[in-house]
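Undergrad: Structure, please.
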Amino acid sequence: MSSATAPIACTLGAGDYQGRINWISSLTRRALRSHRREDLVLHLSYVREAREDVRELVRKEQACCPFLTFDFRENSEEIELSITAPEEARIAVDSLFEQFIACAPNAAASCGRR
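TA: So this is what the prediction gives:
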C-alpha cells in the first residue's frame, strides 16, 4: 500500500503504542542531535552510533504508520532521517511529529507525559 492510499491511522493497540512511544523517547534522549521541521516534513539527525536503532525505528514505523514516508541517509558523521506526512494528515501532523522530538534536549514538550 502506498503512502498516498494508506489510511491516516496508526495500527498499534494502546499498550503497544505506549511501548513504542517509550522506545522512541529513549532513542531521542540518547541519540537525537538535532531536528527541524519544514511544514509536513520532519528532519532528524542522530549520532552515528544509533544507526541500527534508527533503522529499526523506520522499519517499525513503516509497519504501523504506512501513510508516512521515511528517508534514511547516513554519512560519516551522523544518521539523517526525514519523515514526510501526506497533506491528508495535516490536521494531525503536530502530534504525529511530536512523538519523535518530545524528549529532545531542546524540545518544549514534556517528556513522558502522554
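Undergrad: Tell me which residues touch Ser76, please.
TA: Going by CB atoms under 8 Å, 6 or more residues apart in numbering, Ser76 touches Arg48. C-betas here are computed from N, CA, C, even on glycine.
Undergrad: in a helix, that's where it is, yeah?
TA: No: the assignment for Ser76 (DSSP: H, G, I helix; E, B strand; the rest coil) gives coil, which keeps it out of a helix.
Undergrad: quick one, phi psi at it?
TA: Dihedral pair for Ser76: phi -70, psi -10, per degrees, to the nearest 10.
Undergrad: and it, how far is that from Ser82?
TA: 19 Å (CB to CB, to the nearest Å).
Undergrad: cool, and Ser25?
TA: Between Ser25 and Ser82 the computed distance is 20 Å (CB to CB).
Undergrad: Pick out whichever of the two has more residues nearby.
TA: Ser25 (19 against 14; other CB atoms under 10 Å).
Undergrad: Check what pLDDT that one gets.
TA: Predicted confidence (pLDDT) for Ser25: 93.
Undergrad: Next, the contact list for the residue nearest the centre of the chain, please.
TA: The centroid of the chain falls nearest to Phe100 when counting by CA atoms, centre = their mean (4.2 Å). Shown in contact with Phe100 (CB under 8 Å, 6+ apart): 24, 28, 35, 42, 44, 83.
Undergrad: Can you pull the poorly scored residue ranges out of this protein?
TA: Counting by pLDDT under 70, the chain contains low-confidence ranges at 1-6, 105-114.
Undergrad: Okay, and the residue nearest to the centre of the chain sits in which element?
TA: helix 93-101 (DSSP states H and E).
Undergrad: What residues sit buried inside that helix?
TA: Across helix 93-101, burial judged by 16 or more other CB atoms under 10 Å covers 93, 96-97, 99-101.
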